[in-house]
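Student: 3D model of this:
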Amino acid sequence: MNIQQKIQQELDLIRPHLQMDGGDVEMVEFDEATGILKLRLTGHCVGCPMSQMTLQEGIGRSVKEKIPEVKEVVEV
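Tutor: Residues are numbered from 1 along each chain as shown. Next comes the predicted model:
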């Protein structure tokens, strides 16, 4: 399993929690050279005042803990 598949697998575990509140997340790009993962929040996550906290403290922390190749998570 490559890194992008591992990332997608982790996002699939997180996704139901976002969908319960009407949101979702999708992977846009992962740069293996820099370790930067670009994600897009969709649905009710767009414009939500808690979206940055969700992205960094929820999604980002979980992905970085399980996939050490991911150094930074950013929203696009």
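Student: quick one, what contacts Gly22?
Tutor: Gly43, His44 (C-beta atoms under 8 Å, 6 or more residues apart in numbering). From N, CA and C alone the C-beta is placed, and that goes for glycine too.
Student: for it, give me phi and psi.
Tutor: Backbone geometry at Gly22, expressed as degrees, to the nearest 10, gives phi 90, psi 10.
Student: what of Val28?
Tutor: phi -100, psi -50.
Student: likewise Glu75?
Tutor: Note on Glu75: its backbone torsions stand at phi -100, psi 140 [degrees, to the nearest 10].
Student: how about the nearest residue to it, chain neighbours excluded?
Tutor: Take Glu75 and drop its neighbours on the chain: the residue closest to it by C-beta to C-beta, 6 or more residues apart in numbering is Leu55, 5.5 Å away.
Student: now the one you found: how far from Cys48?
Tutor: Separation of Leu55 from Cys48 (C-beta to C-beta, to the nearest Å): 10 Å.
Student: who has more neighbours, these two?
Tutor: Leu55 (18 against 15; other C-beta atoms under 10 Å).
Student: worst-scoring helix or strand of this structure, pLDDT-wise?
Tutor: The weakest-scoring helix or strand in the chain, judged by mean pLDDT, DSSP states H and E, is helix 51-53 (a mean of 89).
Student: list the buried residues in that one.
Tutor: Ser51 (16 or more other C-beta atoms under 10 Å).
Student: which other helices and strands contact the following helix or strand past that helix?
Tutor: Going down the chain from helix 51-53, the next helix or strand is helix 61-66, by DSSP states H and E. For helix 61-66, the elements it packs on are helix 3-19, judged by 3 or more C-beta pairs under 8 Å, 6 or more residues apart in numbering; DSSP states H and E.
Student: chain center to the helix it packs on: distance?
Tutor: Computed by C-alpha atoms, centre = their mean, to the nearest Å, the separation of helix 3-19 from the middle of its chain amounts to 7 Å.
Student: same deal with stretch 45-64?
Tutor: Its chain's C-alpha centre and that of stretch 45-64 lie 8 Å apart, by C-alpha atoms, centre = their mean.
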